[in-house]
Each structure stands twice: as structure tokens, then as C-alpha cells.
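[1] Model the structure of this input:
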Amino acid sequence: MLELWPFVRTRQAQVTDDFEGARQAYRYTVSFFNQTTRSVRFQRVLGFGGSGVVTLWSELDSTGQRVRDFAVKSPSVLDDPSFEAERSWLDTFETAEHFVQPFWLPENTLDVPSEDAQMLMMEYYARYELHELLVRISESISNNPTIPDGERKMEYIPSRVLWRLFLCRLAYPPPYYDGRPDTYREVIIPDQEPELNIHFDMHPFNVFIADPNDSWNDVPEHWLVPRFKLGDFGLTSAWDPNLDDATKIAVANVGKPGYQAPEQRRRDRMVEENAFGPHTNIWGAGWLMYNSLTLYWTDDDEWEPQVCPITMPDRTSKNLNTWAPGLVGHANLVHERNKRYSVELRTLIARCMADEQEDRPSLQELLYIIQVNIARGDMAAANAQMQFEAARQQNPTIQKPPIDIKRPPPIEDNDLLGRFFQEYLRDPPVREDPYKGYWDQRNSS
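    Now for the predicted structure:
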């Protein structure tokens, strides 16, 4: 039987080869800033992985007061080609609204050009990653039974938030050109083939939650829902279908276990004609949405696609071979917890995670379905509020029912979104570093 796992945080340090490499990168970063400037201050380590470490720094003014924070990513291996690739992609996506952005210190802050250093300076997102959000909700599910009712938190992401997250993840890499505005809203141009920029590393650690204050008065997409930004472009590739088979396999056989698209899982599929394209990113976006709806993930060896009957948007029936377990199909195949969300949302995610690229929706269809459902949810909430206010005029003592913290209601009013925002998005979470006492040790003992 397929095993699904909840999202959990690392609570105990494990001194591995990855950590040793990250510690060397940390020491390099601290040494570089200590030798080149007095206008920044080290804060803490934000995280690390097999490719390097990310640290938090503050820019200081002439009086030593903090101006703003920024993140620095440093590779474990000098001259790592994936690191140089990420530097290039950050330049390409500069000002794109839903992509992690580079950070620039004022001119002459450093004694040497930052481009000469083995590091990337990027915007800091104090609300961390999508993974942290999913962990916190999972922790609420575990903690709620042991705490008073008034202190319990919501145990799910509302549908109206999920549809907006879906739209953020749909944002497609823009073409590079000069003179872009400060914030470039990515667009999908009808009847125009998008560029074949494949991320190859889409997972919850690489989706970051921006400050909601930056988009509070933005389009309705970001009302009570901050921007979700895609980052970590070290494996991103401008796919060339004319590559020889060996090179195709080398470029595509990458990524986090459990987060590879079906076309990455077998060598014969990697070398098929048109194996990779927008449909690959769409599969990754679908898997991220599955994670966000169910609060689970897997890389179980028994994970295989399953044929599930679905109803398409045109009301026709289809047997869909999908990698989305327990989301659609016959009632006995759908996990009970997932049934609380609409069939439309679950079906769209399952289609994004279809095994065959022809069964996945196009970017244009995705955009249309998501925008329709955002508008539909907002309209239903507005109508429900008007009905409540009309009823209250007749009976001033009438009250709304309490918010169900376990199950999204058929109509999600603005009070529900406001509560989710207050509990999970308004304030930056406090996250401890289990490796805090290890970074400055000279050895692993």
C-alpha cells in the first residue's frame, strides 16, 4: 500500500557530509563579509542542503542601524555549475513578480564587486517557504486536541487561498528584455508558445512566501494572500530538444526524490520527442497543489499512476491516468479528508499530475479555470455577507456560526480567510535552527 507522509520539521542536528560542506560555505561567507565591509551584520543560518547554505544578513546605515535584511546563498563546492546557472537565471527573472529576486547592496558597500564572490544575494522572505506553512498546519492538527478550544488553529488551507496559490504557481517565466517595470506581472500570451524553461526542482522548500504588506493593495489575487515566489534555479534549464540522448538524460535526471515529473522517471521517456516543456512545470505545480491540499507527500517506491474516472470541464467523462493518489475517481478511491474540497479543484490537480503530457491542461486552460474559480469563490463570499447583513437588519442579535477549523465550508467567507491569514500569514514564524551550536565548531566531534 502506498505510504503518504505529513510534512515535519527537522528538530535534531545530523552532522552529515552535506552539513560539512554547508559549514565550509558558511565560513567562507562570514569571512568574505568580515574582510570586505563593515556595513552588514550576520544574523543567522536560514538553512542548508546538498548544494550549499543560506544565511541571513542585515544591511546597516552609517550609524550602524539596520536598514533591511537579505539572504545570501553560498555553494558547498566552488565553481559549481548549478550555482553559476542560478546566478544567470536570477538575472533573467529580475523584477518578475512570482520569482525570487536578487538583492543589491548600495554601490561601494563592498571593497570588491559582489559578482566576484562565490555567493548570491537575494531578497529575504521572513515567512519562509511553503514547506514551513505546511509543517505549521500539520503541527496544529497534532496539537489541537491537547489545547483549549479558544487556542486551536485551523487545520487546512481554505479553497480560496489554494486557488490563489495555484495562480501564483502558474506564473510562467517571462522573456528577458530591457526596461521592465519594478514588478513584472508574468503573462500567458494566447496562441504563443512559451519558452522551454524547465525548473526541474519544484518542491515546497523552493516556494517562498513574500511579505503580505508588499501586496496588500494589489490585485484581488493577493488580498489576504501574499505572493508565493518560486526560487532555487540551479537545476533550471532552457530545454533544447535537439540535444543528443546522453545530454538529455544528464540534464533531466535531476531533482528531489519524489518531485520528479513522470517524464524524468525513465530514461526512455527522457529522450522522447517533446518530452519536456510547459507540461513538465505544470506537473510540478500540480504536485505542489496536491501537497497543499492534502498536507502530505511521498516518494514511496510503490507510487505509480492510477486510472481514475473523472468529469472534464466540458462535462464529458474520461479515464485519467494520474499520479494524484486519493484525489479523484470512484468514491472508495478518494480519501475522506480530500472530499471536503470541491471536485473542480481536485480534478484540476489530478489532471496537472496526469502521466501523459497530452492529458495535462494547457497553460491557457489552467489560467481560465483558476481565474473563474477565484471569481466564483469571491462572489459567493460577497453574496453570503450581503445576506448576513440583511438578516442582521431584521434581527440584530443574529450571529454567524463559528468557523469550522477542521473542514472548509461550501462557502468560505472573508472572516474565514481573515482567520487563516491571522494564524499563518500575518506574522513571521519563529523557527529554531537545530544546528545553531554547530556552525562555528572546528570539527564534528
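
[2] didn't His330 look like it was pressed against Pro309?
    Yes. With contact defined as C-beta atoms under 8 Å, His330 counts as touching Pro309 (6.7 Å). Any C-beta I mention is one placed from the backbone N, CA and C, and that applies to glycine too.

[3] can you tell me which residues contact the nearest residue in space to His279 that is not next to it in sequence?
    Nearest residue to His279 in three dimensions, chain neighbours excluded: Gln357, at 4.0 Å (C-beta to C-beta, 6 or more residues apart in numbering). By C-beta atoms under 8 Å, 6 or more residues apart in numbering, the contact list for Gln357 reads 263, 274, 277, 279-280.

[4] circling back: between His330 and Pro309, point out the one with more neighbours.
    Pro309 (12 against 8; other C-beta atoms under 10 Å).

[5] just checking, what packs against the helix or strand encompassing that one?
    Secondary structure assigned from DSSP states H and E places Pro309 in strand 306-311. Helices and strands touching strand 306-311, by 3 or more C-beta pairs under 8 Å, 6 or more residues apart in numbering; DSSP states H and E, are strand 317-322, helix 343-352.

[6] Strands of the stretch 101-250 of the chain, start to end?
    120-123, 197-198, 207-209, 228-230, 237-238 (DSSP state E, counting those that start in this stretch).

[7] List just the one of the ones you listed that sits closest to Arg426.
    strand 207-209 (11.3 Å; C-beta to C-beta).

[8] Work out the gap between that closest one and the centre of the chain.
    5 Å (C-alpha atoms, centre = their mean, to the nearest Å).

[9] Output the helices and strands packed on strand 306-311 as a markdown table; include the columns mean pLDDT.
    Listed next are the helices and strands packed on strand 306-311 as a markdown table, based on pLDDT from 0 to 100:
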| stretch | mean pLDDT |
| --- | --- |
| strand 317-322 | 96 |
| helix 343-352 | 97 |
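
[10] So for Ala13, which of the ones you listed sits nearest?
    From the helices and strands packed on strand 306-311, taking C-beta to C-beta, the stretch that ends up closest is helix 343-352, at 35.3 Å.

[11] Next secondary structure after the closest one?
    Downstream of helix 343-352, the next assigned helix or strand under DSSP H and E is helix 363-394.

[12] Run the angle between that following helix and helix 343-352 for me.
    Taking axes from the mean of the first three to the mean of the last three C-alpha atoms, to 10 degrees, one finds helix 363-394 and helix 343-352 inclined to each other by 160 degrees.

[13] Quick check: buried residues in helix 363-394?
    363, 366-367, 369-370, 373-374, 377-378, 381, 384 (16 or more other C-beta atoms under 10 Å).

[14] Out of the helices and strands packed on strand 306-311, which is the most enclosed?
    The highest average neighbour count among the helices and strands packed on strand 306-311, using mean count of other C-beta atoms under 10 Å, belongs to helix 343-352 at a mean of 22.

[15] just the helices in the stretch 51-200 of the chain please.
    Assigned by DSSP state H, counting those that start in this stretch, the stretch 51-200 of the chain shows helices spanning 81-92, 130-143, 159-170.

[16] whoops, I mixed them up, the stretch 201-350 of the chain
    Using DSSP H, counting those that start in this stretch, helices in the stretch 201-350 of the chain cover 245-252, 267-270, 278-294, 343-352.

[17] what about those helices, which gets the closest to Phe205?
    Of all those, it is helix 278-294 that lies closest to Phe205, at 10.8 Å by C-beta to C-beta.

[18] For the closest one, list every residue counted as buried.
    In helix 278-294, counting by 16+ other C-beta under 10 Å, buried: 278-294.

[19] Could you do stretch 77-88 as well?
    82-83, 85-87.

[20] Which one of those residues is nearest to Phe205?
    Distances from Phe205 to these, taken by C-beta to C-beta, are shortest for Glu86, at 14.6 Å.

[21] Just checking the distance from stretch 280-291 to the centre of its chain.
    Stretch 280-291 sits 10 Å away from the centroid of its parent chain (C-alpha atoms, centre = their mean).

[22] So what touches it?
    Residues contacting stretch 280-291 (C-beta under 8 Å, 6+ apart): 7, 130, 134, 162, 165-166, 169-170, 172, 198-200, 202-204, 207, 259, 261-264, 297, 323-324, 327, 348-354, 357, 360-361, 363, 366.

[23] Please apply the same query to stretch 255-267.
    Counting by C-beta under 8 Å, 6+ apart, 200-203, 235, 249, 252-254, 269-270, 272, 275-276, 280, 283-284, 287, 297-299, 303, 305, 323, 355-357 sit against stretch 255-267.

[24] quick one on the thing from earlier: let me have the helices of the stretch 201-350 of the chain in TSV, extended by distance to Ser317.
    Putting the helices of the stretch 201-350 of the chain into TSV (distance: least, C-beta to C-beta, whole Å) gives the following:
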stretch	distance to Ser317
helix 245-252	33
helix 267-270	27
helix 278-294	21
helix 343-352	12
